[in-house]
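Peer 1: Generate a structure from the sequence data that follows.
(one chain, ligands or ions: 2)
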Amino acid sequence: MKNRLNIKHLNEEITGISTPSPLQFAFCRKKSAHAGGRAAVIPREEQVSRFEQALKQPGDTAQQRCLYIHIPFCRVRCTYCNFFQHAASKTMIADYFAALLKEIRWKAQQPWTQSAPFQAVYVGGGTPTDLSAEQLLILGKTIRSYFPLTPDCEITLEGRINRFDDSLFENALEGGFNRFSFGVQSFNTKVRRSAKRLDDREPLMRRLQELSAVNAAPIVIDLLYGLPYQTMDIWKQDLQDFLESGVHGVDLYQLVELGGMPMQAMVEKGSLPAPADTAAKAKMFEYGVHFMRKHHIKRLSVGHWATSNRERSIYNSLAKTTAAVLPLGCGAGGNVNGLSVMQDRTLENYLKSIETQQHSVAMLSLQSSDAAVHKEITAAFDRGVVSRSALRQVSGSDLFEYCLPLFDEWQKKGLVEVEQDYLSLTLAGQFWAVTLAQNLITVLQQDANNTNNKQQHAAA
Ligand SMILES: C[S@@+](CC[C@H](N)C(=O)[O-])C[C@H]1O[C@@H](n2cnc3c(N)ncnc32)[C@H](O)[C@@H]1O
Ligand code: SF4
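Peer 2: Ligands and ions are numbered 1, 2, ... in the order given. The predicted structure is shown next:
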């Protein structure tokens, strides 16, 4: 490896723009929700057999592992959401649930699955809380009886407050769910209605207070900033409402505008005001960070806070690191034995595959040899701190030293602070954490490609 990264050819999209307000203007906008590296796609005809083989090998027992189960239904599509797959109906959910149980029993028997315990399980969606109370009980019990889990395994149920009554909560707890993550987005009734959220502020608040007061499991919520009608004053009230709700943790996400969201067509038609621009969202993030600090709420990552030790957020932190994630369900994604896998998003294909016990693979790729480095970068920026020793551990060299020219450039732009062995994100850097992680991964990938090309030329 050369001593230092050459950054002469890098443009402002990578190094950031020089501006008195890097928080608002260092980059144009956040382009995706998560950072990640490129992987080599395996030819279509080999995908199913390669994945089958991967599950037949025992896994690396030292590698941490999680289980992700996807429930791809929602009763109503929210205007800002890109995760929506299918409108829920009782019969569709029943058919899906039967297939999912089959998949659970089948995948749980695989040598890879049985070779080491899982530290975290996440049942996400879509809206898993749209399952019935009976289904939640069965799902929790099936997961616990078929998969090897660590004694302190975090088992999260994601969803929303709407129709999440006592029978659902009690059955979920009895099934073994020990963490609940609800999308709230905003407490404000006008913002909620315009986003097609299903409850008004008061019933939502009451229910969150009730669930949190039971003190049976951490209740955490997601808040979004930048939604149509969500002014800075409404955002301030949203944060105040989070405190009043008594929940144990909160994620603050900026609204990411991706193509195909129903909101965009509504804004174009004039039936909805435009959402906040990046500069306005940056100020909302700043307020959120100051608010949490003022109220002494513990920060677990750049966008996640906990009011109680009960909230550990194991899945979210593990899934961003080098942990393996076994994906189950239609549209679920993960990585197993060095392969990144995405299951089929088409319900019909998924049901047919499970029926005939065929792997429902829509995309399979070989994780690059640098996947561990890229994952560490993603996780480090999400924590807000990049450490020299952690980078050395995954890369086998002093990658921190190598990247210093880019780190110094970011420091000049007010995005990071570089000390001897650590790079820490400033408030501006925290807002741009995903962009910075993605930029670093992109630069390292280009650099590796250039080095390979030069070596090939030299050898020819
Ligand atoms: C896939 S949803 C599932 C949760 C649940 N169905 C609900 O209604 O809240 C998980 C989270 O993704 C976030 N999300 C959805 N669309 C988003 C967007 N366009 N930008 C940023 N975050 C988004 C929301 O905060 C949401 O709570
Ligand atoms: S935010 Fe949740 S309920 Fe709304 S469409 Fe997305 S996944 Fe479904």
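
Peer 1: Near ligand 1, which residues of the stretch 201-350 of the chain? Just list them.
Peer 2: Contact residues, the stretch 201-350 of the chain versus ligand 1 (CB under 6 Å from any ligand atom): Asp222, Leu224, Tyr253, Leu255, Val256. Where you see a C-beta, it was placed from the backbone N, CA and C, and this is true even at glycine.

Peer 1: Most neighbours out of these, which is it?
Peer 2: The residue in these with the most neighbours, by other CB atoms under 10 Å, is Leu224 (26 neighbours).

Peer 1: Give me the subset of the residues of the stretch 201-350 of the chain next to ligand 1 lying in strands.
Peer 2: Asp222, Leu224, Tyr253 (DSSP state E).

Peer 1: thinking again about what came up before, please convert the residues of the stretch 201-350 of the chain next to ligand 1 to JSON lines, extending it with pLDDT.
Peer 2: Output for these, formatted as JSON lines (pLDDT from 0 to 100):
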{"residue": "Asp222", "pLDDT": "98"}
{"residue": "Leu224", "pLDDT": "98"}
{"residue": "Tyr253", "pLDDT": "97"}
{"residue": "Leu255", "pLDDT": "96"}
{"residue": "Val256", "pLDDT": "93"}
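
Peer 1: Among the residues you listed, find me the one that's closest to Met342.
Peer 2: Val256 (19.5 Å; CB to CB).

Peer 1: Tell me if Arg299 really is in a strand.
Peer 2: Yes. Arg299: assigned to a strand according to DSSP: H, G, I helix; E, B strand; the rest coil.

Peer 1: For the residue lying closest to it once chain neighbours are set aside, pull up the helix or strand it's in.
Peer 2: In space, and not counting its chain neighbours, Arg299 is closest to Trp305: 5.4 Å by CB to CB, 6 or more residues apart in numbering. Assigned by DSSP states H and E, Trp305 belongs to strand 304-306.

Peer 1: and the helix or strand following that strand, what other elements does it pack with?
Peer 2: Following strand 304-306 in sequence order, the next helix or strand is helix 314-319 (DSSP H and E). Under the contact criterion of 3 or more CB pairs under 8 Å, 6 or more residues apart in numbering; DSSP states H and E, helix 314-319 touches strand 65-71, strand 118-125, strand 149-159, strand 298-301, helix 371-383.

Peer 1: What lies in contact with helix 314-319?
Peer 2: 64, 66, 68, 119-122, 154, 156, 300-301, 304, 325, 379, 382-383 (CB atoms under 8 Å, 6 or more residues apart in numbering).

Peer 1: Most widely separated two among the residues you listed?
Peer 2: Taking CB to CB, the two most distant members of the contacts of helix 314-319 are Val121 and Arg383; they sit 22.3 Å apart.

Peer 1: Any buried residues in the lengthiest helix in the chain, and which?
Peer 2: Ranked by number of residues, the top helix in the chain under DSSP state H is helix 433-459. By 16 or more other CB atoms under 10 Å, the buried positions in helix 433-459 come out as 433-444, 447.

Peer 1: Over to stretch 186-200?
Peer 2: Ser186, Phe187, Asn188, Val191, Arg192, Ser194, Ala195, Arg197, Leu198, Asp199.

Peer 1: can I get these in JSON lines with pLDDT?
Peer 2: Below are those laid out as JSON lines (pLDDT from 0 to 100):
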{"residue": "Ser186", "pLDDT": "98"}
{"residue": "Phe187", "pLDDT": "98"}
{"residue": "Asn188", "pLDDT": "98"}
{"residue": "Val191", "pLDDT": "98"}
{"residue": "Arg192", "pLDDT": "98"}
{"residue": "Ser194", "pLDDT": "96"}
{"residue": "Ala195", "pLDDT": "96"}
{"residue": "Arg197", "pLDDT": "96"}
{"residue": "Leu198", "pLDDT": "92"}
{"residue": "Asp199", "pLDDT": "94"}
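
Peer 1: So which of these sit within strands?
Peer 2: Among those, no member lies in strands (by DSSP E).

Peer 1: from these, which single one is nearest ligand 1?
Peer 2: Nearest to ligand 1 among the buried residues of stretch 186-200 is Arg197, at 7.5 Å by CB to the nearest ligand atom.

Peer 1: right, and that closest one touches Cys78 too?
Peer 2: Yes. In this structure, Arg197 is within contact of Cys78 by CB atoms under 8 Å, at 6.3 Å.

Peer 1: how far out from the middle of the chain is stretch 196-203?
Peer 2: Averaging C-alpha positions (CA atoms, centre = their mean, to the nearest Å) puts stretch 196-203 24 Å from its chain's average.

Peer 1: Just the mean pLDDT for the longest helix of the chain, thanks.
Peer 2: Helix 433-459 shows an average pLDDT of 86 in the prediction.

Peer 1: tell me which strands and helices that helix is in contact with?
Peer 2: So helix 433-459, by 3+ CB pairs under 8 Å, 6+ apart, packs with helix 12-15, helix 371-383, helix 399-412.
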